[in-house]
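Trainee: Okay, predicted coordinates and the sequence, questions at the end:
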Amino acid sequence: QVGAFADAEKAKEVRGKLERAGLKTYTQTVDTKDGKRIRVRVGPFASRAEADKAAAKVKSLGLSASVLTL
């Protein structure tokens, strides 16, 4: 997961940056105690090693990344 955004435009901007870097992305809208959030995620990956490699690429773009097992 790269982030969870209240602002749809910001989520779209981050997603575009990731896709231009060659990463496959998807979004998920969730209700939180602070209102709706749009999660921007990268994946899925066949292995933890692939996910870790993608997370390193995300971080090289100046974004945060958390590897989640879903």
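Mentor: On my side now, so go ahead.

Trainee: was I right about residue 51 contacting residue 67?
Mentor: Yes. Look at residue 51 against residue 67 with CB atoms under 8 Å: they come within range, at 4.8 Å. Where C-beta positions appear, they are placed from N, C-alpha and C, glycine not excepted.

Trainee: In terms of neighbours, single out the busier of the two.
Mentor: residue 51 (18 against 14; other CB atoms under 10 Å).

Trainee: what helix or strand is the more buried one on?
Mentor: Here residue 51, judged by DSSP states H and E, is contained in helix 48-60.

Trainee: ok, and what's touching that helix?
Mentor: Contacts to helix 48-60, defined as CB atoms under 8 Å, 6 or more residues apart in numbering, come from residues 2, 18, 21, 23, 42-43, 45, 64-67.

Trainee: In helices, which of those residues fall?
Mentor: Members of the contacts of helix 48-60 lying in helices (criterion: DSSP state H): residue 18.

Trainee: and residue 62, how many neighbours does it have?
Mentor: Residue 62: 7 neighbours (other CB under 10 Å).

Trainee: ok, now which ones touch the closest residue to residue 37 other than its chain neighbours?
Mentor: Counting by CB to CB, 6 or more residues apart in numbering, the nearest residue to residue 37 once its immediate chain neighbours are dropped is residue 4, at 4.2 Å. The contact partners of residue 4, by CB under 8 Å, 6+ apart, come to 30, 32, 37-40.
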